[in-house]
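Student: no FASTA, just this:
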């Protein structure tokens, strides 16, 4: 896909009063993941085969919503991050899921000799495991975002976790999942701690997101030392059809 770009200088983060964790997608795309960023005007997004996330500027105007519509396409979905600004009339809310953000300032992590580093050759197995366990978005190139670790049993991948967003000084732990036949054995705990240990080795701090309804996962993370930083909403809005309001043309 060809993505047009308007000549524009996007100010570096942080801006006054802005914490990178308030919009980790934008902070990542302007920083560690800038090489992956697709840009139209002030709107940034990951390639769709990497991650579904798009970031609006913190003060979006009509031109920004037009750029978001051009990136997503007519009827396309636009995930809102950060302060989740209200879209123009005509845009539909496709999803709104209460969530939480937890930070691990006191999580030291623990290296595990039994975990394996996962790469491009493991993606088919990773996609299969994610499809069966549904930990959140995971695409064919998501593995490029950071270090992904797994545990195998009898040669088969039965659990994984890895790194996703990289705002300055932080790394998000994501895609934590275990094959249902192998749950209850502490595999998720081992993987979260192993990923956290690698993050700590770089002098960064782990954080993560979870659905507010996923209380078992939140309880696990809190037992490992993660603490609630804020509640949030995982919102997705849909680009209006042509001829409707909202700057979709």
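Tutor: Thanks, I have the structure now. Bear in mind that the values here come from a model prediction, so they are computed numbers and not experimental data.

Student: which is the next helix or strand following the helix or strand where residue 94 lies?
Tutor: Taking DSSP states H and E as the criterion, residue 94 maps to strand 92-103. Helices and strands here follow DSSP H and E; after strand 92-103, the next one along the chain is strand 116-118.

Student: still on that earlier bit, mind listing the strands the strand holding residue 94 pairs with, and their directions?
Tutor: strand 205-211 (antiparallel), strand 227-238 (antiparallel) (DSSP bridges).

Student: of the ones you listed, which shows the lowest average pLDDT?
Tutor: Mean pLDDT per stretch puts strand 227-238 lowest among those, at a mean of 93.

Student: buried residues of that strand, list them for me.
Tutor: 229, 232, 234, 235, 236, 237, 238 (16 or more other Cβ atoms under 10 Å). To be clear about C-beta, it is placed using only N, CA and C from the backbone, and glycine gets the same treatment.

Student: need the strands paired with strand 92-103 in CSV with distance to residue 138, can you?
Tutor: CSV is the format used below for the strands paired with strand 92-103 (distance: least, Cβ to Cβ, whole Å):
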stretch, distance to residue 138
strand 205-211, 14
strand 227-238, 15
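
Student: quick one: the strand holding residue 94 to chain centroid distance?
Tutor: 12 Å (Cα atoms, centre = their mean, to the nearest Å).

Student: again, but for stretch 20-32
Tutor: 10 Å.

Student: and it, how far apart are its ends?
Tutor: By Cα to Cα, to the nearest Å, the extent of stretch 20-32 from end to end equals 12 Å.

Student: same deal with stretch 174-194?
Tutor: Using Cα to Cα, one end of stretch 174-194 lies 13 Å from the other.

Student: what helices or strands is the strand or helix carrying residue 194 leaning on?
Tutor: Using DSSP H and E, the element containing residue 194 is helix 187-201. Counting contacts by 3 or more Cβ pairs under 8 Å, 6 or more residues apart in numbering; DSSP states H and E, helix 187-201 packs against strand 148-153, strand 156-163, strand 170-178, strand 205-211, helix 215-223.
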